[in-house]
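1. how would this look folded up:
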Amino acid sequence: MFKHAWDAACDSSAPSPTFLVPRGKTYLLQPLTFNGKHCNSNNITLQVDGRIIAPTKPSAWDCETNCNHWIGFENFDGLHIQGPGTINGQGDKWWKLSCKDNEKSCQHRKPTGFMIGHSKNVDIKGLTFEDSPQMHIAFESSTLIHATELTIRAPGHSPNTEGIHIQRSTNVSIDNSTIQTGDDCISIGNESKYINISNIECGPGHGISIGSLGIMGKTEEVEFVHVRNVTFHGTTNGVRIKTWQGGHGHARNIKFEDITSHSSTRPIVIDQYYCPHKQCKNQTSAVEISNIAYANINGTSHKEIAVQLSCSESVPGKNITMKDINLIYEKHKDKTSSYCLNARGLRNGRVHPSVSCLQEEDNF
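-> Model prediction:
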């Protein structure tokens, strides 16, 4: 029924057809991908006023092979997804099968909840996304995407449940949203650039991350990212750049500003030795990190080390700047500290804790 209703909207001769999920109704939806390639209109609206839910058990998912995603939209040019409704992935049974928690017996690739792929001119507004089996929303190989006024929530213990993941995409804006997850609130992956993130409430979760980049020696690149007006609540990280040893490529031209940390474990992090399973070999090549700016970042840290800049020995971080930073260890403000390795750049104004590897400069 859901697919037939969508086909009617896709085939409609109206200039701006609307597919309505009515208020007060709940629809159980099996994995489904909507393809806009042959739709008559480039201005289709999916109006979600009701509730869409996934099957409760992984065994009840009707997939021919892998369930890579639950709901997908591909090959659109002009799509509006909006409404006060809820999209619930009912992922708690999937979480128990997580490869993160069951590495030796892992046989399941958990599906992404909601995927936009190979599309442009897409906006998503007002919806609530809950309890996805894996990441809640993914933008892949897309451009001119705007996500606003979203609520995304899953328990802090739910593995790999990123709020929004961006991959191979450009000109993506995410703003005025609240994200509570068991992983990154927002993560930005390879071949992504011109990304703007603003007015976000994040936590619980792992913060806002660039990467991880460079796994298995890959060449991966992220650039022209602007993150501003973000508040972190009890997250494991605040603003983070993470890369694997042995990788290639770059993360550059990235600015984090007007950030507030409430008891984040690591409010500012560059980690070029990312290795979640702690069994990685030392390697000399690395993703190059450069032109990274931090400005007006304030609040509390849950750990003594509030600023961690762990850059590569062979490819040091360069042109890293900090201005007007005031982070305090919540248990003992006089013990607030930083860690700095192979990072080069400048600092200006008050920078607390002091970051000794950055040279003091009055103007930059």
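2. Can you give me the first-to-last residue distance of stretch 212-226?
-> 17 Å (CA to CA, to the nearest Å).
3. Kindly apply the preceding question to stretch 146-156 instead.
-> Rule used - CA to CA; the end-to-end distance of stretch 146-156 is 26 Å.
4. Show me how far that stretch is from its chain's centre.
-> 11 Å (CA atoms, centre = their mean, to the nearest Å).
5. residues of it that come out buried?
-> 146, 147, 148, 150, 151, 152, 153, 154, 156 (16 or more other CB atoms under 10 Å). For every residue, glycine as well, the C-beta is placed using N, CA and C.
6. before we move on, what about stretch 189-205?
-> 189-190, 192-195, 197-205.
7. Out of those, which comes closest to residue 23?
-> Nearest to residue 23 among the buried residues of stretch 189-205, counting by CB to CB, is residue 201 at 25.8 Å.
8. CA atoms only: put the helix or strand containing that closest one into CSV for me.
-> Residue 201 is part of strand 192-202 when elements are defined by DSSP states H and E. Taking C-alpha atoms only, strand 192-202 is exported to CSV below (Å, rounded to 0.1, in the frame of the first residue of the first chain):
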residue,chain,number,x,y,z
SER,A,192,32.6,15.7,1.7
LYS,A,193,33.0,19.4,1.5
TYR,A,194,31.2,22.7,2.0
ILE,A,195,29.4,21.4,5.1
ASN,A,196,27.7,23.8,7.4
ILE,A,197,26.4,22.8,10.9
SER,A,198,24.8,25.2,13.3
ASN,A,199,22.5,25.5,16.3
ILE,A,200,22.8,21.9,17.4
GLU,A,201,22.1,20.4,20.8
CYS,A,202,24.1,17.2,21.1
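9. and it, which strands flank it?
-> As defined by DSSP bridges, the strand partners of strand 192-202 come to strand 170-180 (parallel), strand 219-233 (parallel).
10. any weak-confidence spans in this protein?
-> Along the chain, segments meeting pLDDT under 70 span 64-66, 100-108, 364.
11. how about the helices of this structure, start to end?
-> 2-11, 92-95 (DSSP state H).
12. Domain-wise, how is the chain divided?
-> 1-129, 184-364 (automatic domain parsing).
13. right, and these - which one's nearest residue 178?
-> domain 184-364 (4.4 Å).
14. Of all the helices of the chain, which one is nearest residue 123?
-> Closest among the helices of the chain, using CB to CB: helix 2-11, at 16.7 Å.
15. buried stuff in the closest one?
-> Those would be 2, 6, 9, 10, for helix 2-11 by 16+ other CB under 10 Å.
16. quick check, nearest of those residues to residue 334?
-> Nearest to residue 334 among those, with distances taken as CB to CB, is residue 2, at 59.4 Å.
17. could you measure that closest one against residue 141, distance?
-> 25 Å (CB to CB, to the nearest Å).
18. who touches residue 230 in this structure?
-> 197, 198, 199, 200, 201, 202, 208, 239, 258, 259, 260 (CB atoms under 8 Å, 6 or more residues apart in numbering).
19. just these now: which is nearest residue 97?
-> residue 202 (26.3 Å).
20. Might one say that residue 262 is in contact with residue 204?
-> No - in this structure residue 262 lies outside contact range of residue 204 using CB atoms under 8 Å: 11.3 Å.
21. shared neighbours, those two?
-> 233, 234.
22. Tell me how many other residues crowd the nearest residue in space to residue 243 that is not next to it in sequence.
-> Excluding the flanking residues, the one nearest residue 243 by CB to CB, 6 or more residues apart in numbering is residue 287, at 4.1 Å. As a burial measure, residue 287 scores 30 neighbours (other CB atoms under 10 Å).
23. isn't residue 129 right up against residue 161?
-> No - applying CB under 8 Å, one finds residue 129 not in contact with residue 161, separated by 10.0 Å.
24. list the contacts for residue 243?
-> Counted by CB under 8 Å, 6+ apart, residue 243 has contacts 211, 212, 213, 214, 251, 271, 272, 274, 286, 287, 289.
25. Report how many residues lie close to the fifth one.
-> In this case it means residue 251. Using other CB under 10 Å, residue 251 has 27 neighbouring residues.
26. So in this structure, which strand runs the longest?
-> When the chain is scanned for its longest strand (criterion: DSSP state E), the result is strand 248-264.
27. So what are the sheet partners of that strand and their directions?
-> strand 219-233 (parallel), strand 288-301 (parallel).
28. Off-centre distance for it?
-> With CA atoms, centre = their mean, you get 13 Å for strand 248-264.
29. Tell me the bridge partners for the nearest residue to residue 74 once chain neighbours are set aside.
-> With sequence-adjacent residues excluded and distances taken as CB to CB, 6+ apart, residue 74 is closest to residue 117, at 4.6 Å. With DSSP bridges applied, residue 117 shows beta-bridge pairing to residue 74, residue 140.
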